[in-house]
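Peer 1: Quick check, what structure comes out for this input:
(chains A and B)
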Amino acid sequence: MERILALATRAAEEAEVFEVSSEETQVRFEANKLKQLQTNQQTSVALRIIKNGRLGYATATGTGGARDLVAGAVETAAFGTTARFHLPEMSEFPTVDIVDAAVASVAIKDMVRLGEEMISVVTRHTPGILCDAGASRGTVSVRLINSRGGQAEYRKTFFGLDIGGTLIQGTDMLFVGESESSCHPVTDAKKLTDVVLRQLERAKERATAPTRQLPVVFTPDGVTALLAPLMSAFNGKTVLEGASPVGDKLGKVVFDSRFSLHDDPTIPYRPGSRPCDDEGVPSRRTALVENGVVAGFFYDLQTAGLAGKKSTGNGSRGRGSLPAPGPSAFVVAPGAVTFDDMVQDMKEGLVIEQLMGAEQGNILGGDFSGNVLLGYKVENGKIVGRVKDTMVSGNVYQILKDIAAVGSESKWVGGMLQTPPIYCRRLVVSSKG
Amino acid sequence: MPDIATIAASLEGKLKKPRADYLEVRLEESQTSHITYRGRNLESIGRSSATGGCARALAKGGWGFTSFNSFNRLYGRLVLAAGQARSAGTGKSALAAVEPVVDNVPSGVTKNPVTIPLAEKKRLLEEYNDIIWSVPGIRTANIGYSDSRKKVIFLSSEGSRITQERADVALRLTAIAAKDSEVQQVGLSLGSRGNFEAIRDLDKQVTGMARHAVELLSAPQVKGGEYTVVLDPVLAGVFVHEAFGHLSESDFVYENDRMREIMVLGKQFGAGHLNIVDSAAEPGLRGSYKYDDEGVRAVKTYLIREGKLVGRLHSRETAAKMSENTTGNARAISYHFPPIVRMTNTYIEPGKLSFDDIIADIKEGLYVKNWYGGVTSMEMFTFSAGEAYMIRHGKIAEAVRPVVLTGNVFTTLKNIDAVGNDLDMNQGGGCGKGGQMPLPVSNGSPHIRIRHCLVGGK
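Peer 2: Below is the predicted model:
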C-alpha cells in the first residue's frame, strides 16, 4: 500500500489507497440437509488520485501490480470530474465496538448444529416443509492511507444466521423465513425459529382480500418496501440533482410528526457500523427526519463539496466503484403502540410481512406497487389467515404523511435497517380474491 | 503478476490427489472499465482488474468450496475444499457423466471493448446525454456504461481443461422528468457479447425515451384490476424469464418432491401455440457460451413445446438426481461463487399473428412495453413495464403511467391466448439469483397477449 501511495503521489497532487480484505466461512443447508461448506478469501485495493484538479480511479482485486494501478488512475484522471474536496488529514475517530473475538472461535460443527437445530424445530412444527438454512462468520479488515497524512485502520467481525422454508401444497407455495446478523456470534436459534413458527401459524388458514382501500400494518420486514424510496430521496446526490421530492423541504414538515429517521454507523456490534467511512471521515449519527420535519441528507466528500455542505461520513464504496453517499444503517424511531394493538384496531385490513417487486416502480417519486408474498387478512381485530394474489399500491410520501401509528417494538432487518412496524391508514389493494 | 495459464499448468496431475469423489478448479482473470453520468456531468470513470480462483470438491454428496485471490499455498486450498466436502457429505455423490474436454474458446470479438480508449466511449455517452438534456422538461439523467473481458480456465479431476474467453458490454440510460413534485423516469437497457458497435446509433431511441418521460408527467394512472394486456417483445421476454424460466431451474425442483409433481414432464402449461426455449448454444448473444462453469457443453433446450413441459435446466448434480440429460446451465458470476443452475438466452418462439391481429378484438386493454424490473417467487411473479398505453377498440390509445403486472405463473401461462410472429431478443439487463448478480443473459419473445392479468393501480 505504501508503495502504491508513493508511486501515485509522484504522479498526482493528492492520492489515497484503500484496501479491504475479507475472510468468510459459511455452512449451507438445502432441502433440510447439510449441503456445502464454503470459505472465501478476498483482498482488493482501490487507488484514487486528484491530478490537475481531476479525479482518477482504478482498482485491483487479487494481484494487480502497483504500476498498472497508478497508470489506470492517471488515464482516467484525464477525463475525471473536477474534485471539489481535499482528502481528509489525520482525524480522531469515535470508538465503535465492532469486534468480538468469540466469532472466530465458533467451530464449524457448532455452525452446523445451529442449522440442524433450526431445521428440526421448523420441520417438526410443519411436516413437509423444505428448509434452506445457513450460518456464516468472518472478518473484514479495512485500511486507508492518503497523501495528506490521513489514515484509518479497523477490523470488524460478523456472524449471520438464516432460515427459509417453502411449503408447497398443490401449486400453492408459502415462503417463510428469518435472518439475523451481528458482530457477535448469533447463537440463539430459537429466536429465529419462533418468528418462522409464528409466520406458519398465521398463514395456516387462507383468507381473501377485497379490491379497495384498506388499512395496512407493515411489519419491520415489510417496512423495507416503504423505506427504499427514502434511501434515494435522502441521498445528498439525489438532492443535489433536484430529483429528490424532499430536496427543497429542509426544515419543513413532510411526514407525520411520529415519524423520525436517522442514519447511525456508531451503534455497537452492528454489521453496518464502523469508526469512519470509506474516505476516512469520522462516523457520526445523522438525523434525516425529526418528528416529521426534514432534518438533513447524507453526503460523501465530493457531493458535499458540490453542494456546499460537509460530508456526514457516508462515503461508501460499493462494487469497486468511487465513493458515493450511502446509508450505513437506517433507524426509524419507535413509537408507542404495540403490534397487537395495531391489529386489534383494524376492523378489516392487512398485515404485510413481505412485498415482492415493490422496488420496481417509480422509486424517486415514491410510488410503489407490489405483490403480497407473505401477508395476512385482519377481520375484527384478529388475523384470520394468509392472503394471496393480492397487490398493494401507494405513494410513500402520502402514506407517511398521515400514519395511523408507529410501533413500539423495533427490529433489525437485513443488517441495514432498524424499524418498528408501521400502521398505515389506507392503501389501494387489488385482489383476485 | 501470476499468469493463470502458468498456475493451471502447475496444477497438472494434482486434482486427483485430495480425497474427494470429484474436484474442479476455476482460475479467472478479468479487466473492466466503467463510465457513469449523473446529471450533466461525468460522475465516475474507472478501470479495474481482478485475478482469483476457486476450488470445489464433492464427497459423499456434500460440497466444499473455497475461493481466493491469493495463489499462495494453492494445493492447500484444494485439500481444504476436499476436507470441507467430506465434512458436509453424509450420503452418496451423484454427477451426470460427461466426456472430459480439452478445448480453447476465444471470445469471438474482433475488438476487445475494454481496450477501446476511454475518450472514445466518453464521446459516445456524452452525445446521448446531450440528446436527453435537449428535451424540454427533463430534470436529470443517469447513464451507466460498463464493459469487461474475462478469461476463465476450468480444470477437473476427470481430465477436462477448458480455456474460455468472453467479453461483455452493457449500457443503461435513464431520463428523469419532473414538474412540481411529480417525478417520472424512463430507461433504456442494452448490451452485447462484447461488441461495442451494438451501442452506437441510438439517437432516435434516446430521444424517444426522454420525450416519453416528459409525457408521463401528464399521463393518467390506470385503475387497478384485471385487464387484457399485450406485451411487447422486451417485456414478454422479461415475463418468460421471470415467470417461467426460474421454475425451469432444476435446483428448485430436484430435492423437492412436491415441486417435482408440479413440474412433471408432459404436463400442459399453456395452449398449443406456446413454445419456450433456453439456449446458450445460439451464437453471439449475451447468454451464449460453449461450455458452462462445470465444463459441460451447452445445448438448445426446449422447456415448453406445444404447450407441454418437455425439459428443464440442469447442473451435473441435478441432472443425475433427476435421471435427465445435462443441459450445460451451471453458471457462476465469478470465481467468488460456486456454479448454480441459471438461464442463458430464454425466449418464446414466434407464432403466426401480426401485431394488428393481436390487438384487433380488444375493446379495452393495456399495451405494455419495455422493461423496468421483475421478480418471482416461483408461483407468483411481478414485473414492471417501462411504458404503458390503453388499447381501445382495437387501437393503441393514450399513454398511461407505467404499471406493475402480477400474477400466478401457472394460470397466466394458460392465459396467453395469442403469440405474434415478430421475435426480438433483448440484450439489456442481467439476472440475479443466490447473491450472484448481474449475470449476463438475454431474453426475448414476439408480441403476446395475456387475458385476465392483474395490474396495480389507483
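
Peer 1: what domains does the record give for the chain?
Peer 2: Defaulting to chain A. Residue ranges for the domains of chain A, per automatic domain parsing: A:2-200, A:205-433.

Peer 1: switch to chain B, that's the one I care about
Peer 2: If you go by automatic domain parsing, chain B breaks into B:4-216, B:225-455.

Peer 1: Any idea how far apart the tips of the first one sit?
Peer 2: End-to-end distance of domain B:4-216 (C-alpha to C-alpha, to the nearest Å): 51 Å.

Peer 1: Output the below-cut-off pLDDT ranges for the chain.
Peer 2: The chain I'm using is chain A. A:63-64, A:319-320, A:360-362, A:433 (pLDDT under 70).

Peer 1: was after chain B, sorry
Peer 2: For chain B (pLDDT under 70), the answer is B:1.

Peer 1: Tell me where the stretch 51-200 of chain A has strands.
Peer 2: Along the stretch 51-200 of chain A, the segments classed as strands by DSSP state E, counting those that start in this stretch run A:54-61, A:130-146, A:151-169, A:172-182.

Peer 1: now the closest residue to chain B within the stretch 301-433 of chain A, nearest residue through space, not along the chain?
Peer 2: Using C-beta to the nearest C-beta, the single residue of the stretch 301-433 of chain A nearest to chain B is residue A:357, 3.2 Å away. All C-beta spots, glycine's among them, are computed from the backbone N, C-alpha and C. For residue A:357, ignoring the flanking residues on the chain, the nearest one in space by C-beta to C-beta, 6 or more residues apart in numbering or on different chains is residue B:382 at 3.2 Å.

Peer 1: my guess is the one you found meets residue B:403, correct?
Peer 2: No: assessed by C-beta atoms under 8 Å, residue B:382 is found out of contact with residue B:403, at 10.6 Å.

Peer 1: How about the contacts made by the closest residue to residue B:345 other than its chain neighbours?
Peer 2: Closest residue to residue B:345 apart from its sequence neighbours, by C-beta to C-beta, 6+ apart: residue B:287 at 4.1 Å. By C-beta atoms under 8 Å, 6 or more residues apart in numbering or on different chains, the contact set of residue B:287 is B:280, B:343-346, B:440-442.

Peer 1: same check, this time on residue A:247
Peer 2: A:233, A:238-240, A:297.

Peer 1: now the helices for the chain?
Peer 2: If you meant another chain, say so; for now it's chain A. Counting by DSSP state H, chain A has helices at residues A:2-11, A:66-77, A:108-125, A:189-202, A:220-233, A:236-240, A:301-307, A:339-345, A:396-401.

Peer 1: nope, chain B
Peer 2: So, for chain B - with DSSP H - the helices run B:4-10, B:74-88, B:118-133, B:203-216, B:233-239, B:257-262, B:316-321, B:355-360, B:409-414.

Peer 1: between those helices, which one is nearest to residue A:372?
Peer 2: Comparing those against residue A:372 with C-beta to C-beta, the closest turns out to be helix B:409-414 (15.9 Å).

Peer 1: quick one: the one residue in the stretch 251-400 of chain B that gets nearest to chain A from residue A:392, how far?
Peer 2: Relative to chain A, the nearest point of the stretch 251-400 of chain B is residue B:382 (3.2 Å; C-beta to the nearest C-beta). Using C-beta to C-beta, to the nearest Å, residue B:382 is found at 11 Å from residue A:392.

Peer 1: rewinding a little: what's the most distant pair in the contacts of residue A:247?
Peer 2: A:233 and A:240 (12.4 Å).

Peer 1: If you count surrounding residues, which of those two has more?
Peer 2: Neighbour totals were compared for residue A:233 and residue A:240, and residue A:233 leads with 27 against 22 (other C-beta atoms under 10 Å in any protein chain shown).

Peer 1: What count of nearby residues applies to the nearest residue to the more buried one once chain neighbours are set aside?
Peer 2: Using C-beta to C-beta, 6+ apart and skipping the chain neighbours, the partner closest in space to residue A:233 is residue A:244 (4.6 Å). Residue A:244 sits with 24 neighbouring residues when counted by other C-beta under 10 Å.

Peer 1: Ok, residue B:393 next?
Peer 2: 11.

Peer 1: Please apply the same query to residue A:257.
Peer 2: So residue A:257, with other C-beta under 10 Å, has 11 neighbours.

Peer 1: residues contacting it?
Peer 2: A:291-292.

Peer 1: Can you tell me how far it is from chain B?
Peer 2: For residue A:257, the distance to chain B equals 20 Å [C-beta to the nearest C-beta, to the nearest Å].

Peer 1: Ok, residue A:179 next?
Peer 2: 13 Å.

Peer 1: Spatially nearest residue to that residue (excluding sequence neighbours)?
Peer 2: residue A:162 (3.6 Å).

Peer 1: so that neighbour touches residue A:133, yeah?
Peer 2: Yes: judged on C-beta under 8 Å, residue A:162 makes contact with residue A:133 at a distance of 6.4 Å.

Peer 1: In terms of neighbours, single out the busier of the two.
Peer 2: The residue with more neighbours, out of residue A:162 and residue A:133, is residue A:133; 28 against 20, by other C-beta under 10 Å.

Peer 1: what is the more buried one paired to in the beta sheet?
Peer 2: residue A:29, residue A:163 (DSSP bridges).

Peer 1: related to what we said a few turns ago, residues in contact with the residue nearest to residue A:357?
Peer 2: For residue B:382, the contact set (C-beta under 8 Å, 6+ apart) comprises A:356-357, A:360, A:370-371, A:391, B:374-376, B:404-406.

Peer 1: Fine, thanks again, bye for now.
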